[in-house]
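# Sequence below, structure please.
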Amino acid sequence: MKPKPTSQAIIGIAVVEDDPIRLMGLRSILGLVPSFRLITTSVSLIATNRKVNIVILRHSRNMFLETIAKWRVIRPDLKVVVTGAGADDQTILNAIASGAKGYVDESAPAPEFTEAINTVHRGSVWIPRRIISMIIESSAGLLSRDLQAGSFRPTLREKQVLAMLVEGMSNKEIGSPLGMKERTVKAHVAKLMHKLGVRNRIALSVHAIRYSLVSA
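I've put the predicted structure just below:
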């Protein structure tokens, strides 16, 4: 007797998208895959809905990093794939540091979305190769400072600068609400990088989130 074919596991997917046209497009793409089951639920209930395995979340959504971090605490096994248009490297890194497992640009072809979801569901990550290189480089710098991380206590001003840096703000954007000149902000950032042993703003953001120096 021939063995019965193994049925493919069903992946429950929730799409968080404010634009109805983009939502319709994503649902039409994902709805064509037999192993995908689209689940309609609210953002507040996603983490408690055990039928949802993967969430697709737009990076331009308000407080998207905080949303990812919250889901990570409530439901560690929930996997988040971030999407959107033209996210810069720091935005993607911040999303991964907050708990996301992948990033797919909204202009990617349908097969890439499918492969990204399947890859993340299997327990791996789906991000551009350049981002993987940055994470490796950042981790190398962080590992040498693990012992110092527990003893480092940023000042109030340093926390304010770090919080806005994690949000991807420029030195000018950080300085304006804090009443500081751009060169002063640059000096603060350079001092923080020196204290934490990292070499760029991206690594500094990852470090800040990893060690809870700011709220993710």
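# what about the closest residue to residue 75 other than its chain neighbours, distance to residue 80?
Nearest residue to residue 75 in three dimensions, chain neighbours excluded: residue 47, at 4.3 Å (C-beta to C-beta, 6 or more residues apart in numbering). Every residue, glycine included, has its C-beta placed from N, CA and C. Noted for residue 47: a distance of 10 Å to residue 80, by C-beta to C-beta, to the nearest Å.
# the bottom helix or strand of this protein by mean pLDDT?
Lowest mean confidence among the helices and strands of the chain (mean pLDDT, DSSP states H and E): helix 146-149, at a mean of 48.
# Could you list every helix and strand that the helix or strand following that one packs against?
Note on helix 146-149: by DSSP states H and E, the next helix or strand toward the C-terminus is helix 156-166. When contacts are defined as 3 or more C-beta pairs under 8 Å, 6 or more residues apart in numbering; DSSP states H and E, helix 156-166 sits against helix 171-178, helix 182-196, helix 201-210.
# orientation of the shortest one relative to helix 201-210 in degrees?
Which is helix 171-178. 50 degrees (axes from the mean of the first three to the mean of the last three C-alpha atoms, to 10 degrees).
# when you give positions from now on, start the count at 75
OK, 75 is where the count begins now, so the last one is helix 245-252.
# Tell me the buried residues in helix 245-252?
By neighbour count on 16 or more other C-beta atoms under 10 Å, the buried set for helix 245-252 is 245, 248-249.
# low-scoring pLDDT stretches of the chain, where are they?
Residue ranges of the chain with pLDDT under 70: 75-82, 207-225, 289-290.
# check contacts around the one residue sitting closest to the centre of it.
Compute the mean C-alpha point of the chain, and by C-alpha atoms, centre = their mean the closest residue is residue 169, 1.4 Å away. Shown in contact with residue 169 (C-beta atoms under 8 Å, 6 or more residues apart in numbering): 133, 138-139, 142, 154, 156, 161, 177.
# for those, which one is nearest residue 286?
residue 139 (13.3 Å; C-beta to C-beta).
# quick one: the closest one from residue 171, how far?
9 Å.
# Using the record's assignment, carve this protein into domains.
Domain ranges of the chain: 85-201, 207-284, per automatic domain parsing.
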